[in-house]
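**Q** using only what follows, build the 3D model:
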Amino acid sequence: MNVIRAMANAAARRLDVMFPGYFMAAKHNHYRDFGYPDKVTFDMLYAMYTRNGIAAAAVDKTILKTWQDVPFLQEQQRDGTQGAHTKETKAEGEIRQRFEDLRLWSRIAETDRRSLVGSYSGLILRFADGKTFDMPVDRVPGGLAGLVEIIPAWEGQLVVSEWDTEQTSDTYGERKMFQFNEASVGDDIRQPRQFMLHPDRVIIWSRDGTLDCRSLLEAGYNDLMTLEKVSGSGGEGFWKNAKSAPVLEVSPEARIDEMAKAMGVSVDEIWEESGVLVMEDPLTSYGLKASVVIAGFAGGVLRALSHQNYTFREAVASPVCGALAAGYLTSPLVHYLNAIHFPLPPDDGTNVTIHAGAFLVGICAMWISDAIFELISRWIKKQ
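**A** Numbers count the residues shown, from 1 in each chain. From the prediction side, this is the model:
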C-alpha cells in the first residue's frame, strides 16, 4: 500500500467516526450513532447499578421480594396435625442459632443480589479444617462450628484462573481453580483479601449454576443509558442557565433617576450597588447569542483579510453570512459531536467549544456564501 492510499484510508476512517453511516459502509451502525457499547462488561453493569436509581431498584426490589421471609430448617414436618404447639428440637435450635451467628441468610441474599447484577456471583465458605483456600475440602471437624465464615463475592472479584483441560478427566471443561481479589470491585474495602480458591470452597450462584448466565440489567442497558442522557442533558441545561448572571430588560418607561435617588447613589453607580447586570440584547429575541455571533463574524473577517483586494461582498456580505450561520448552526453542531463522542474540551464555563465551533462554522459559511454569490454574479452578467 502506497503512502497516498494509506493517507486516504486514514482520512476516510476519521470521517467515518465523525459522520457514522455515511462513509465506507452502506448502513448505519446505530450502536455507534447513539453511543451504546458493542459489549456490556461487568464493570459497566456494576457502575450502572451503583449510580442509576432505576437499575438499583430493579435489582433490590426483586431481592427484597424473594427474601422477604427468612427461611428456616425443620427436623420433622409440622403441618398442624399434631394439635398443640410443638417446640423446636434441640438440633433445630442449634442450627438456627449458628445460622444467626454467621448471618447465613442475609449473606445468601446478598450473594443472590450480586448474581443479578453480573452473570454470576460466588458464595465462599471458610471452614475450620486447617487448610488454605486453594486446597480441596476433605473432612471438616467440629460440627456446626466447622463453618467459620461466609463471604459473598461479585463476578469481578471471582474469576477462573485454571480450567481442567485433560480430556480423559471426569471434570473435563470444569473449573479447576479460582482467583479471589476483594479489591477488584468497589473502593471502600479497608483490608482487601486476595487468595487462590479451590472449587470445593465456593458455590457459584446463578440461574443454572454456570458462569455463562446473563445479567438482569443487560437487556435494558441501552435504555438505562438513554435515560441517563436525557436526564443529564436536562440537568446540564438547567445548570448553565442557573450559573449565568441574571439579565434583566429595563422598560423605557422606568425612572432610573428616582431609583438611584432612593438608593442614595448616582445613576452610574446604581447597577454596581444592585449587583445585577442589566442590559438589552436584541439578538436574544431571535434565538442568537452575541458571543457566538461575534465568533462566527470573526471567522468571516479572517477569511476576508486573506484576500489582497476587498470587495463589498468579501468585506460585508460574507462576514454577515458567517455570523448568521454560526448563530444558528453552532449549537446543533456541538450537540452532534457530543452524541458521537467526539473528543471535546471539558466545559469549564468559558464556552470554548461553542466559540471554536462558531469560528469554524463562520469560515465555512464564508466559503459557501462566496461560491453562491459568485454564481449569482455570473448569472446576472450573462443576463
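
**Q** OK, contacts around the residue most central in space within the chain?
**A** The geometric centre of the chain, computed from its C-alpha atoms, lies nearest to residue 225 (C-alpha atoms, centre = their mean), at 6.6 Å. With contact set as C-beta atoms under 8 Å, 6 or more residues apart in numbering, residue 225 has these partners: 35, 36. (C-beta placed from N, C-alpha, C; glycine too.)

**Q** and the pLDDT for it?
**A** For residue 225, the model assigns a pLDDT of 89.

**Q** residue 102 too?
**A** pLDDT at residue 102 comes out at 93.

**Q** ok, residue 258 next?
**A** At residue 258, pLDDT is 77.

**Q** for it, helix, strand, or coil?
**A** Here residue 258 is recorded as helix under DSSP: H, G, I helix; E, B strand; the rest coil.

**Q** number of nearby residues for it?
**A** Other residues near residue 258 number 9, with proximity taken as other C-beta atoms under 10 Å.

**Q** quick one: it and residue 266, what's the gap?
**A** Taking C-beta to C-beta, to the nearest Å as the measure, residue 258 falls 13 Å from residue 266.

**Q** where in the stretch 1-150 of the chain is pLDDT low?
**A** Within the stretch 1-150 of the chain, the ranges that satisfy pLDDT under 70 run 1-28, 79-85.

**Q** give me that answer again for 50
**A** Scanning the stretch 1-150 of the chain for pLDDT under 50 picks out 26.

**Q** and the helices in it, which stretches?
**A** Applying DSSP state H, counting those that start in this stretch to the stretch 1-150 of the chain gives helices spanning 3-18, 30-34, 42-51, 53-66, 90-102, 104-117.

**Q** what distance separates the fifth one from the middle of the whole chain?
**A** Think helix 90-102. Centroid separation between helix 90-102 and its chain, computed with C-alpha atoms, centre = their mean, to the nearest Å, is 44 Å.

**Q** packing partners for it?
**A** With contacts defined as 3 or more C-beta pairs under 8 Å, 6 or more residues apart in numbering; DSSP states H and E, helix 90-102 has these neighbours: strand 147-153.

**Q** which residues does residue 158 contact?
**A** The neighbours of residue 158, taking C-beta under 8 Å, 6+ apart as the test, are 121, 122, 124, 178, 179, 180, 197, 202.

**Q** reformat those as TSV; add neighbour count.
**A** Formatted as TSV, the contacts of residue 158 follow (neighbours: other C-beta atoms under 10 Å):
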residue	neighbour count
121	24
122	26
124	22
178	24
179	16
180	22
197	23
202	19
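
**Q** nearest to residue 289, out of the residues you listed: which one, please.
**A** Checking the contacts of residue 158 against residue 289 by C-beta to C-beta gives residue 121 as the nearest, at 51.4 Å.

**Q** so where's the stretch 151-300 of the chain shaky on pLDDT?
**A** 277-280.

**Q** would you map the strands across it?
**A** Taking DSSP state E, counting those that start in this stretch, the strands of the stretch 151-300 of the chain run over residues 158-163, 175-181, 194-197, 202-205, 247-248, 277-278.

**Q** quick one: mean pLDDT over the lengthiest helix in the chain.
**A** In the chain, taking DSSP state H as the definition, the longest helix is helix 352-382. For helix 352-382, mean pLDDT is 77.

**Q** check contacts around residue 197.
**A** Counting by C-beta under 8 Å, 6+ apart, residue 197 has contacts 124, 133, 134, 158, 177, 178, 179, 180.

**Q** what sits against the closest residue to it other than its chain neighbours?
**A** Of all residues not flanking residue 197 in the chain, residue 178 sits nearest, at 4.1 Å (C-beta to C-beta, 6 or more residues apart in numbering). Residue 178 makes contact with 122, 158, 159, 160, 161, 196, 197, 198, 199, 202 under the criterion C-beta under 8 Å, 6+ apart.

**Q** could you measure from residue 178 over to residue 135?
**A** 13 Å.

**Q** got any residues that touch both of these two?
**A** Joint contacts of residue 178 and residue 135 (C-beta under 8 Å, 6+ apart) are residue 198.

**Q** count of neighbours near residue 144?
**A** Around residue 144 there are 13 other residues, counting by other C-beta under 10 Å.

**Q** around the nearest residue to it once chain neighbours are set aside, how many other residues sit close by?
**A** Of all residues not flanking residue 144 in the chain, residue 98 sits nearest, at 4.4 Å (C-beta to C-beta, 6+ apart). Number of residues near residue 98 (other C-beta under 10 Å) recorded here: 14.

**Q** is it true that residue 98 touches residue 143?
**A** No. Shown here, residue 98 and residue 143 do not form a contact pair, counting by C-beta atoms under 8 Å, at 9.0 Å.

**Q** partners of residue 205 in the sheet?
**A** Bridge pairing for residue 205 (DSSP bridges) gives the partners residue 121.

**Q** picking up where we left off before, just send the contacts of residue 197 back as JSON lines, with distance to residue 328 too.
**A** Below are the contacts of residue 197 laid out as JSON lines (distance: C-beta to C-beta, whole Å):
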{"residue": "124", "distance to residue 328": "61"}
{"residue": "133", "distance to residue 328": "65"}
{"residue": "134", "distance to residue 328": "67"}
{"residue": "158", "distance to residue 328": "55"}
{"residue": "177", "distance to residue 328": "63"}
{"residue": "178", "distance to residue 328": "59"}
{"residue": "179", "distance to residue 328": "57"}
{"residue": "180", "distance to residue 328": "58"}
